[in-house]
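Asks: This is a predicted model, with the sequence first.
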Amino acid sequence: MSEDEPKSAIELAMEKLRAREDFVETPLTDAQKAEIAETRSFYRAKIAELEIREESKMKQATSLEELEAMKDALAKEKEHLNREMENKVQKIRATKAAEK
């Protein structure tokens with residue numbers, strides 16, 4: 001990247017983090033990367049399965065209120081699964097920090 005090209009938001013954020021004294025950048029191992037990819041793939045599949053199952057139920061909704069309730073429940077369950085996925089990813093990332 002040449003100096004006259006604008007930096008992305010990620011590049012700017014990383015520069016700010018590196019400037020902090022308490023920031024330690026630890027690269028992930030290949031095993032951690034694979035485990036993170038597998039975890040994300042697993043949860044994305046669970047979410048896709050949930051969406052397919054719930055969409056078929058939504059087609060059978062008899063009222064707008066019932067449909068809205070189903071949509072809300074789907075959104076909450078997707079949020080829960082995403083949060084669970086990110087917690088597992090953070091634990092995987094933390095395993096290297098704990099090994100040091």
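Replies: Okay, I see it. Numbers count the residues shown, from 1 in each chain.
Asks: Model confidence for the residue lying farthest from the centre of the chain, exactly?
Replies: The centre of the chain is farthest from one residue, residue 62, which by CA atoms, centre = their mean lies 33.7 Å away. For residue 62, the pLDDT comes out at 92.
Asks: Would you check how far apart residue 20 and residue 9 are?
Replies: Distance, residue 20 to residue 9, by CB to CB, to the nearest Å: 17 Å. All C-beta spots, glycine's among them, are computed from the backbone N, C-alpha and C.
Asks: Helix or strand with the lowest mean pLDDT in this structure?
Replies: helix 9-19 (a mean of 85; mean pLDDT, DSSP states H and E).
Asks: Show residues contacting that helix.
Replies: Residues outside helix 9-19 that contact it (CB atoms under 8 Å, 6 or more residues apart in numbering): 7, 23, 25.
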